[in-house]
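Student: Turn this into a model:
(2 chains)
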Amino acid sequence: MEHAVREEQGSLVVSFEGDVDLEHSPKAREVLLRCVAAGQDVFVDLAAVSYIDSSGVASLVEAFQAARQKGTRFALVAVNAAALRVLELARLDRVFTIHETLSEGIRGSA
Amino acid sequence: MSRAGSKRVLQLSFPARAAELRGIRDAVRDAVEGCGCSAESTADIVLAIDEACQNVIRHAYCGESDGLIELEIERRGNGLVFSLIDHAPAIDPSRVQPRDLDDIRPGGLGTHFIRRVMDQVEFQKPASGRGNLLKMVRRID
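Tutor: Numbering: from 1, shown residues only, chains lettered A, B, ... in the order given. Coordinates of the predicted model:
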């Protein structure tokens, strides 16, 4: 799994690439929680995620809850079909805010 | 060797470590696709087997271990039978149950994924009398 963090219009955009699995989800969790702790809105780009398991989903849920406590936005963007299927199995597609594109997400939070 | 009416399509043995799981997923994907499962079903099955392996690492071996996990996939008619064996102390199957999804919290989703994807899930006693055996059955579609 690779990851990148960049700032766009005052928000942090976290992009993951590859497998967010048991081996790599501790890193994903650390990155997400650090971004949420910065106090900015966080958008997580899942377009290049080839696989996500329950441990990866748990990292997203934990960061989502941390953002809610902080009163900042936390949304998923460009979720590909494979990742969306896993979120649907967990019924979390109805819990997370999901935007088709980053620009749509950032527009929504403006 | 395969029993009458069934054909073994995969047999693997690997240490209970997270770094092993990617290779296991690739092998399961190839085997299941080779049996004619759709791309969607294959992805679901790969997830379920991965989660079952994770449960062994977490709940049976209580963390990463050099202890072995054995995975066998058999094709029986229009179904696939998955056997996952470990050599850890026997676990209490009642402690490995899916949780209420309305309780939004990190963790505890793996068993739910397995039950959603598989048509049958059952803990059985391994032939050796030691360890744990999880049998899962999924129809081919």
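Student: low-confidence ranges in chain A?
Tutor: A:109-110 (pLDDT under 70).
Student: what kind of secondary structure is the spatially most central residue of chain B in?
Tutor: Centroid-nearest residue in chain B: residue B:49, 3.7 Å away (criterion: C-alpha atoms, centre = their mean). Recorded secondary structure, residue B:49: helix (DSSP: H, G, I helix; E, B strand; the rest coil).
Student: can you give me the helices in chain A?
Tutor: Here chain A has its helices, by DSSP state H, at A:25-37, A:54-70, A:81-89, A:102-109.
Student: how about the CA coordinates for the longest one, as CSV?
Tutor: Just to be clear, that refers to helix A:54-70. As requested, the backbone C-alpha atoms of helix A:54-70 are provided in CSV (Å, rounded to 0.1, in the frame of the first residue of the first chain):
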residue,chain,number,x,y,z
SER,A,54,-12.3,-5.3,7.6
SER,A,55,-9.1,-3.9,9.1
GLY,A,56,-8.9,-1.2,6.5
VAL,A,57,-12.6,-0.4,6.9
ALA,A,58,-12.0,-0.2,10.7
SER,A,59,-9.3,2.4,10.1
LEU,A,60,-11.8,4.5,8.1
VAL,A,61,-14.5,4.1,10.8
GLU,A,62,-12.1,5.1,13.5
ALA,A,63,-11.0,8.2,11.6
PHE,A,64,-14.7,9.1,10.7
GLN,A,65,-15.6,8.9,14.4
ALA,A,66,-12.6,11.0,15.4
ALA,A,67,-13.6,13.7,12.9
ARG,A,68,-17.1,13.7,14.2
GLN,A,69,-15.9,14.3,17.7
LYS,A,70,-13.7,17.1,16.4
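Student: need the residues of chain B near chain A, please.
Tutor: Applying C-beta under 8 Å from any C-beta of the partner chain, we find that chain B lies next to chain A at B:18-19, B:21-22, B:25, B:40, B:43-44, B:46-47, B:50-51, B:54, B:57, B:101, B:104-110, B:112-113, B:116-117. Heads up, the C-betas are built off the backbone N, CA and C, glycines and all.
Student: Of these, select the buried ones using a PyMOL command.
Tutor: Those of these that count as buried under 16 or more other C-beta atoms under 10 Å in any protein chain shown are selected in PyMOL with:
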select buried, chain B and resi 18+21+22+25+43+44+46+47+50+51+54+57+106+108+109+110+112+113+116+117
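Student: ranking the helices of chain A by burial, who's on top?
Tutor: Of all the helices of chain A, helix A:54-70 has the most neighbours on average by mean count of other C-beta atoms under 10 Å in any protein chain shown, namely a mean of 20.
Student: follow-up on the earlier one: switch the helices of chain A over to CSV; also include distance to residue B:7.
Tutor: Output for the helices of chain A, formatted as CSV (distance: least, C-beta to C-beta, whole Å):
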stretch, distance to residue B:7
helix A:25-37, 35
helix A:54-70, 31
helix A:81-89, 28
helix A:102-109, 47
